[in-house]
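**Student:** pasting the sequence and the predicted coordinates here, then a few questions.
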Amino acid sequence: MIDQKIWDFVKDKIDKNVAEIGAAYPNAAIDGIYNQGNVRDWISGFWPGILWKGYQVTEDEKFAMLAREIEANMDQKLKDTEWLDHDIGFIWSLTSVSDYKMTGNQESRRRALLAANLLMGRFNLAGNFIRAWNDRADLDTKGLVIIDSVMNMPLLFWAAEETGDPRFRHVAEAHLGTIIQTFFREDGSVAHTGIFDPETGAFIEEIGNQSFAAGSAWSRGTAWALYGFALAGRYTRRPEYIDAAKMVADFFIEQMGEETAPAWDFRAEAQYGEGRILLDTSAAAIAACGLLVFAKLTGESHYREQGEKIINNLYHHHSTKDDPTHQGMLVDATGHYPKQKNLEVSLIYGDYFFTEAVVTALFDKPLFW
Ligand code: GLY
């Protein structure tokens with residue numbers, strides 16, 4: 001069970017941050033204040049996503065007005081494909097799709113369909129995958145695929161339903177099939193990044209990237225897979241997606257054990273030996289959302305109990321409930337361990353998924369995905 005006071009905590013933070021953050025792109029909070037990202041960052045949809053969740057429960061117009069201001073400011077990047085990547089879904093599902101679903105805003109529908117077309121345009125026909133990042137000096141990314149991409153497929157599933165055009169769904173299904181074939185391991189863990197030959201489409205190798213190493217189990221990537229496949233199962237009812245979500249959910253639950261938050265990489269401990277393992281509360285919040293959706297999809301209440309347990313643990317052991325001046329909701333998140341960036345912080349996506357999990361658990365409101 002989730003106590004209403006957890007929603008009161010979330011709502012107080014949103015209220016306070018409307019005044020303090022305004023139309024900006026908060027990223028990570030160190031010492032209680034969110035630093036500001038750039039309009040081009042992949043995280044730009046999460047603060048408006050939090051505002052729309054606030055609006056969904058309260059119908060307070062000030063949340064909708066601020067979310068719309070941010071959505072309009074992001075139009076500049078819809079014109080710049082050099083900056084757009086596989087994370088297009090994160091950005092426009094939580095801004096334009098949410099606005100359209102709740103208010104019928106036609107301008108938002110137009111933006112979301114344009115974003116879906118741009119995401120579909122990243123599809124590599126030879127390898128049946130959606131390309132992740134754009135060109136980088138240190139890495140040839142033309143055949144690069146990352147697990148985070150699965151959370152962007154709902155934009156394509158939504159576009160297929162909205163337009164009646166199955167191309168969007170075909171591309172999402174082809175990409176997800178490639179992910180199941182090449183990223184999934186027998187124990188339910190998943191790789192973070194894979195390289196394919198962009199000409200022939202052949203899989204070349206797994207690389208560790210944001211995880212500890214090839215073969216390890218980055219907890220946030222695990223959570224992206226859990227929630228992404230739960231959502232794909234919800235859109236399509238395809239048994240292979242439901243099986244995939246179940247495998248990863250069982251792995252995540254087993255790895256968490258009785259801990260109140262996961263290690264940033266479930267296999268970092270074995271690799272580091274005596275070293276101190278940082279946690280990642282953002283992974284837990286994403287997983288909680290996935291478990292709640294998966295429980296509803298399958299009718300298996302065990303997954304709902306696990307999702308609620310995570311929410312309660314995050315609130316009681318890893319939140320700023322006793323620090324009303326702190327802009328973040330969750331602490332103890334890890335942004336990018338291998339780059340030593342944003343360690344032991346609040347992350348805006350951790351706060352978004354915590355907000356979504358609480359709203360889903362307490363109010364059963366429609367999802368934006
Ligand atoms: N999608 C980037 C991350 O999870 O850090």
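**Tutor:** Sure thing, it's come through. Numbering: from 1, shown residues only.

**Student:** how about residue 74, what does it touch?
**Tutor:** Each residue near residue 74 by CB atoms under 8 Å, 6 or more residues apart in numbering is listed here: 39, 44, 45, 91, 95. Using the backbone N, CA and C atoms, a C-beta is placed for each residue, glycine as well.

**Student:** checking residue 180 next. Helix, strand or coil?
**Tutor:** helix (DSSP: H, G, I helix; E, B strand; the rest coil).

**Student:** now it: closest residue in space that isn't a chain neighbour?
**Tutor:** residue 244 (5.6 Å; CB to CB, 6 or more residues apart in numbering).

**Student:** quick one: that neighbour is in a strand?
**Tutor:** No - under the criterion used here (three-state DSSP), residue 244 is helix, not part of a strand.

**Student:** ok, it - contacts?
**Tutor:** 180, 184, 225, 229.

**Student:** how far away is it from the ligand?
**Tutor:** Distance check for residue 244 against the ligand: by CB to the nearest ligand atom, to the nearest Å, it reads 19 Å.

**Student:** please pick the buried ones from the contacts of residue 74.
**Tutor:** 44, 45, 91, 95 (16 or more other CB atoms under 10 Å).

**Student:** now the nearest residue to residue 207 once chain neighbours are set aside. Its backbone dihedrals?
**Tutor:** Spatial nearest neighbour of residue 207, excluding adjacent residues (CB to CB, 6+ apart): residue 193 at 4.9 Å. For residue 193, the backbone dihedrals (degrees, to the nearest 10) come out as phi -130, psi 140.

**Student:** what segments of the stretch 251-369 of the chain are strands?
**Tutor:** For the stretch 251-369 of the chain, applying DSSP state E, counting those that start in this stretch gives strands covering 333-336, 341-347.

**Student:** from the ones you listed, which stretch is densest packed?
**Tutor:** Per residue and on average, the most neighbours among these fall to strand 333-336, with a mean of 23 (mean count of other CB atoms under 10 Å).

**Student:** give the buried residues for stretch 344-362.
**Tutor:** Buried, per 16+ other CB under 10 Å, within stretch 344-362: 345-362.

**Student:** report the contact partners of whichever residue of the stretch 151-300 of the chain sits closest to the ligand.
**Tutor:** When scored by CB to the nearest ligand atom, the stretch 151-300 of the chain has residue 220 as its residue closest to the ligand, at 4.9 Å. The neighbours of residue 220, taking CB under 8 Å, 6+ apart as the test, are 210, 264, 280, 282, 283, 286, 334.

**Student:** farthest-apart pair in those residues, please.
**Tutor:** 210 and 286 (14.1 Å; CB to CB).

**Student:** looking at the two, which one has more neighbours?
**Tutor:** residue 286 (31 against 21; other CB atoms under 10 Å).

**Student:** isn't the more buried one up against residue 228?
**Tutor:** No - Residue 286 is not in contact with residue 228 according to CB atoms under 8 Å; the separation is 9.5 Å.

**Student:** residue of the stretch 1-150 of the chain nearest the ligand, please.
**Tutor:** At 3.9 Å from the ligand, residue 148 is the closest residue in the stretch 1-150 of the chain, using CB to the nearest ligand atom.

**Student:** ok, that residue - contacts?
**Tutor:** 86, 87, 132, 221, 224.

**Student:** rerun at 7 Å
**Tutor:** Contacts for residue 148 (CB atoms under 7 Å, 6 or more residues apart in numbering) come out as 86, 87, 221, 224.

**Student:** can you give me phi and psi for it?
**Tutor:** Backbone torsions of residue 148, given as degrees, to the nearest 10, read phi -60, psi -30.

**Student:** try residue 24
**Tutor:** Per degrees, to the nearest 10, the backbone of residue 24 is at phi -140, psi -170.

**Student:** same question, residue 198
**Tutor:** Here is the backbone geometry of residue 198 (degrees, to the nearest 10): phi -70, psi -20.

**Student:** low-confidence ranges in the stretch 201-350 of the chain?
**Tutor:** For the stretch 201-350 of the chain, the stretches flagged by pLDDT under 70 are 270-276.

**Student:** which parts of it sit against the ligand?
**Tutor:** With CB under 6 Å from any ligand atom as the criterion, the stretch 201-350 of the chain meets the ligand at residues residue 220.

**Student:** confidence score at residue 161?
**Tutor:** Looking at residue 161, its pLDDT reads 98.

**Student:** could I get the contacts of residue 148 as TSV with secondary structure?
**Tutor:** Shown next, in TSV, are the contacts of residue 148 (three-state DSSP):
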residue	secondary structure
86	coil
87	coil
221	helix
224	helix
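
**Student:** residue 7: which of these is nearest?
**Tutor:** The nearest member of the contacts of residue 148 to residue 7, counting by CB to CB, is residue 224 at 24.9 Å.

**Student:** can you give me the neighbour number for that closest one?
**Tutor:** Residue 224, neighbours per other CB under 10 Å, totals 26.

**Student:** surely it meets residue 152?
**Tutor:** No - between residue 224 and residue 152 there is no contact under CB atoms under 7 Å: 9.5 Å.

**Student:** now residue 225: which helix or strand?
**Tutor:** Assessed by DSSP states H and E, residue 225 sits inside helix 219-236.

**Student:** now the angle between strand 341-347 and that helix, please.
**Tutor:** 50 degrees (axes from the mean of the first three to the mean of the last three CA atoms, to 10 degrees).

**Student:** got the CA coordinates for helix 219-236 in PDB?
**Tutor:** What follows is helix 219-236, C-alpha atoms only, in PDB (Å, rounded to 0.1, in the frame of the first residue of the first chain):
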ATOM      1  CA  SER A 219      20.700  -1.300 -13.200                       C
ATOM      2  CA  ARG A 220      19.200   1.600 -15.000                       C
ATOM      3  CA  GLY A 221      19.500  -0.200 -18.300                       C
ATOM      4  CA  THR A 222      17.800  -3.200 -16.700                       C
ATOM      5  CA  ALA A 223      15.000  -0.900 -15.600                       C
ATOM      6  CA  TRP A 224      14.700   0.600 -19.100                       C
ATOM      7  CA  ALA A 225      14.300  -2.900 -20.500                       C
ATOM      8  CA  LEU A 226      11.800  -3.900 -17.900                       C
ATOM      9  CA  TYR A 227       9.500  -0.900 -18.400                       C
ATOM     10  CA  GLY A 228      10.100  -0.700 -22.200                       C
ATOM     11  CA  PHE A 229       9.000  -4.300 -22.700                       C
ATOM     12  CA  ALA A 230       6.100  -4.000 -20.300                       C
ATOM     13  CA  LEU A 231       4.800  -1.000 -22.400                       C
ATOM     14  CA  ALA A 232       5.400  -2.900 -25.600                       C
ATOM     15  CA  GLY A 233       3.400  -5.800 -24.200                       C
ATOM     16  CA  ARG A 234       0.700  -3.400 -23.200                       C
ATOM     17  CA  TYR A 235       0.400  -2.000 -26.700                       C
ATOM     18  CA  THR A 236       0.700  -5.200 -28.700                       C
END
